[in-house]
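Participant: Got a sequence here, can you model it:
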Amino acid sequence: MVADPDRLQRRLGYDFKQPALLEQALTHRSFGLPNNERLEFLGDSILNCVIAIALFDRFGELREGELSRLRASLVRQEGLHRVALTLDLGHQLRLGEGELKSGGHRRPSIQADALEAVFAAVFLDGGFDAVKAVIDRLYATMIAEIDPGVAQKDPKTELQELLQARRLPLPSYQTVKVHGEAHAQEFEVRCVVDSLAVTAVGRGPSRRAAEQQSARLALDELRNT
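Facilitator: Numbering: from 1, shown residues only. The predicted structure is shown next:
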């Protein structure tokens, strides 16, 4: 069973009529069947649709290419992981023994996939209006933060420019670990800003994705100090 389904539903702002759907959405393939892989597929499409509607309504002056770039920045793994953290989703996941031992509940990719599956579960349980309300609420802060007049830069670029503006040395990126088989690897990369004594570890399905995640975490730490 899910660790605390009532708390998760309160954070989602949605009560499931079919709790089994939520349980499946939080079940990783390592745990067994039924798992969340098919739900993840559906949830990805639903999320793209809802975010597209939100951006279309909010930014009437933006062209198709600009809207597409904004949507991509919100629905990629980094954005999903940020939302998953607000839900404490990692501690609700049902993982196999191997994933539990390797800290799978902390992996951004596993949390992001599970969140997409949760969106699909809400859709199947309550329909499109229900899942749209959930996504709109969870993404409200990120959408409110968007400044269409400012180019949307990736975290590595943002971190580099921040350090250059302070006339500080650039960060270094070190691959710490590579998890999983060759066809489904997850990389762990450390971002180090020696001059400010900041270290952050990111994870992702590629070195580049892990570097971006670690840069984002380093940026968050610098902005909160």
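
Participant: what about Asp57, how many neighbours?
Facilitator: Neighbour count of Asp57, defined by other Cβ atoms under 10 Å: 8. In short, each C-beta sits where N, CA and C put it, glycine included.

Participant: One more: Leu168?
Facilitator: 13.

Participant: Who's the closest spatial neighbour of it, skipping the chain neighbours?
Facilitator: Taking Cβ to Cβ, 6 or more residues apart in numbering, and ignoring the residues beside it in sequence, Leu168 has Ser195 as its nearest neighbour in space, at 4.6 Å.

Participant: Do you know the pLDDT at that neighbour?
Facilitator: Model confidence at Ser195, given as pLDDT, is 89.

Participant: Equivalent analysis for the one 4 residues further on, please.
Facilitator: At Thr199 the predicted local distance difference test score is 94.

Participant: The helix or strand hosting it pairs with which strands?
Facilitator: Take DSSP states H and E as the rule and Thr199 turns out to sit in strand 198-204. According to DSSP bridges, strand 198-204 has the following sheet partners: strand 186-193 (antiparallel).

Participant: what element comes up after the lowest-mean-pLDDT helix or strand in the chain heading to the C-terminus?
Facilitator: Least confident helix or strand of the chain, by mean pLDDT, DSSP states H and E, is helix 97-101 with a mean of 82. Note on helix 97-101: by DSSP H and E, the next helix or strand toward the C-terminus is helix 108-126.

Participant: hey, C-alpha coordinates of that following helix in PDB?
Facilitator: Output of helix 108-126 as PDB, limited to C-alpha atoms (Å, rounded to 0.1, in the frame of the first residue of the first chain):
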ATOM      1  CA  PRO A 108      14.600  12.600 -10.200                       C
ATOM      2  CA  SER A 109      13.800  10.300 -13.200                       C
ATOM      3  CA  ILE A 110      11.800   7.900 -11.100                       C
ATOM      4  CA  GLN A 111       9.900  10.700  -9.300                       C
ATOM      5  CA  ALA A 112       9.200  12.500 -12.600                       C
ATOM      6  CA  ASP A 113       7.900   9.300 -14.200                       C
ATOM      7  CA  ALA A 114       5.700   8.600 -11.200                       C
ATOM      8  CA  LEU A 115       4.300  12.100 -11.200                       C
ATOM      9  CA  GLU A 116       3.200  11.800 -14.900                       C
ATOM     10  CA  ALA A 117       1.600   8.500 -13.900                       C
ATOM     11  CA  VAL A 118      -0.300  10.200 -11.100                       C
ATOM     12  CA  PHE A 119      -1.600  12.800 -13.500                       C
ATOM     13  CA  ALA A 120      -2.900   9.900 -15.700                       C
ATOM     14  CA  ALA A 121      -4.500   8.300 -12.700                       C
ATOM     15  CA  VAL A 122      -6.400  11.500 -11.800                       C
ATOM     16  CA  PHE A 123      -7.600  11.700 -15.400                       C
ATOM     17  CA  LEU A 124      -8.800   8.100 -15.400                       C
ATOM     18  CA  ASP A 125     -10.500   8.600 -12.000                       C
ATOM     19  CA  GLY A 126     -12.000  12.000 -12.500                       C
END
